[in-house]
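>>> Can you look at this prediction? I've put the sequence above it.
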Amino acid sequence: MSQASNKKRKSNPFGDSHTPSKKQRKQPEAAKDESFTPDPSTLVAEEIPFTLECPVRNLSKKGKKQTVKDDVFGPQTEDGGFPNLKINYTIRPGKAWTDMKTYRNFSIQNQKFSSGSLVYVNRRTPPPIPPDKGASEAEILAFDKKNLWVGHVLEVRAASPSQVLLRVFWLYWPEELPNGRRKYHGNQELIMSNHMEIVDAMAVASGADINRWDERIEDQDVGQYFWRQFYDVRLEKTKSGGLSTIREHCVCNGYYNPDNTMLKCPNPRCGIWNHEECLQDAILARTYGRLVGDKNSVKAGSISLPASKMAQLKANVKSKLGVGQKKKGTAEGLPPLTNSTSDSSPWKGLLKAEIAVDEKGGKAVATITDKRAQHPEVWTEGIQCLNCGTTID
């Protein structure tokens with residue numbers, strides 16, 4: 001789905017429906033424990049014979065009773081097990097929908113799925129041939145993003161082996177969000193939404209091994225693909241763009257992109273995670289100030305910080321990281337670094353800092369390169385937490 005498509009995702013190659021929704025559905029008692037396997041030989045590509053409206057427009061506070069003439073199922077509510085995604089929906093024609101039997105499980109190509117399962121849904125028919133076993137992770141990811149959607153199964157209904165339908169919430173690849181990918185979204189990250197649609201069960205390609213990542217659990221193994229954030233389609237026009245808040249890190253109060261590195265402060269009284277790029281900026285600011293001898297140049301690099309945090313980071317850089325102390329071996333007689341007050345990172349192109357962690361000792365070390373001379377000088381320094389100044393090792 002393109003970013004400009006306003007959340008109307010063509011649900012599958014066999015048909016279409018509407019937008020997202022939420023609801024803890026009470027299924028008819030007669031069918032709760034049954035499983036169903038659609039017959040592929042009887043299925044043909046045809047449009048979904050139902051229209052799903054989600055969220056419901058003009059829903060009165062008391063709820064509106066539907067007449068037989070209306071032939072509407074609902075309004076109902078759904079949250080898929082996530083209360084903050086709760087949303088209303090209706091389905092038309094209502095009688096045809098309620099006449100279909102509900103099932104706990106369904107099977108496709110000898111794979112069994114149930115309500116709550118995450119499944120890959122083919123975007124095209126016939127489905128393209130997947131990458132071979134020797135394909136790289138990047139090739140597999142590119143194929144998945146181009147050819148597959150990911151659905152969270154909310155409900156299974158069937159009228160016959162030739163008509164098995166799933167009501168799903170979509171998970172979004174970050175590129176599919178109406179407001180686009182955020183800087184903190186990882187390359188293999190998805191977002192759980194309450195964009196609801198009805199899809200044909202035969203559009204399911206396979207199960208989707210996608211784990212929920214709880215950022216409060218610091219040693220959680222999230223696997224290859226994961227999701228940690230919610231997208232509420234009703235809040236797309238708000239400041240948040242409909243995205244739920246996630247954990248903040250570092251003195252910059254920024255978020256964690258799992259494709260990048262963070263280093264944790266070993267001080268139990270602090271324990272914050274430091275962004276690698278923030279550490280690099282602080283190291284370069286310190287080094288620039290030391291080489292130039294200009295105290296005013298020592299600031300938080302290109303980090304955008306609240307005033308209180310900016311002052312704190314400046315103080316840490318000066319007092320904890322040794323600003324003003326001459327480094328042994330620093331090149332002498334070099335042309336001064338350009339001190340541009342209009343540039344928040346005047347060392348760009350002149351100084352470089354790379355951070356690595358010694359696999360044996362576990363100590364984090366910064367390798368600094370002064371590129372001003374014909375033969376650049378290189379040295380290493382320890383790394384200190386930006387919040388408390390404790391050496392990270």
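Thanks, I have it.

>>> any idea how this structure splits into domains?
29-235, 263-382 (automatic domain parsing).

>>> Turn those into a markdown table, columns for distance to Cys250.
Backbone N, C-alpha and C define where each C-beta goes, glycine included. Shown next, in a markdown table, are those (distance: least, C-beta to C-beta, whole Å):
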| stretch | distance to Cys250 |
| --- | --- |
| domain 29-235 | 12 |
| domain 263-382 | 5 |
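
>>> Going by length in residues, pull out the top helix of this protein.
The single longest helix within the chain, with elements called by DSSP state H, is helix 276-292.

>>> Phi, psi for Val56 please.
Dihedral angles of Val56 (phi, psi; degrees, to the nearest 10) stand at phi -80, psi 130.

>>> Show the contacting residues for it.
Applying C-beta atoms under 8 Å, 6 or more residues apart in numbering to Val56 gives the contacts Gly74, Pro75, Asn88, Tyr89, Thr90.

>>> from the residues you listed, which single one is nearest Gly186?
Tyr89 (30.5 Å; C-beta to C-beta).

>>> in this protein, which segments are predicted with low confidence?
Within the chain, the segments meeting pLDDT under 70 span 1-46, 59-69, 293-344, 360-361.

>>> Which parts of it are helices?
Using DSSP H, helices in the chain cover 94-99, 137-147, 276-292, 307-315.

>>> Could you look over these and pick the most buried one?
helix 276-292 (a mean of 23; mean count of other C-beta atoms under 10 Å).

>>> Return the list of helices and strands in contact with that one.
The contact analysis (3 or more C-beta pairs under 8 Å, 6 or more residues apart in numbering; DSSP states H and E) places helix 276-292 against strand 262-264, strand 351-357, strand 364-370.

>>> and of those, who's closest to Asp281?
Nearest to Asp281, of the helices and strands packed on helix 276-292 and by C-beta to C-beta, is strand 351-357 at 8.5 Å.

>>> Ser206: what's it in contact with?
Gln109, Gln111, Val119, Tyr120.

>>> Most neighbours among those, which one?
Highest neighbour count within these, by other C-beta atoms under 10 Å: Val119, with 25 neighbours.

>>> Now do the contacts for that one.
Here Val119 is in contact with Phe113, Val150, Gly151, Val153, Leu166, Val168, Val204, Ala205, Ser206, Gly207, Ala208 (criterion: C-beta under 8 Å, 6+ apart).
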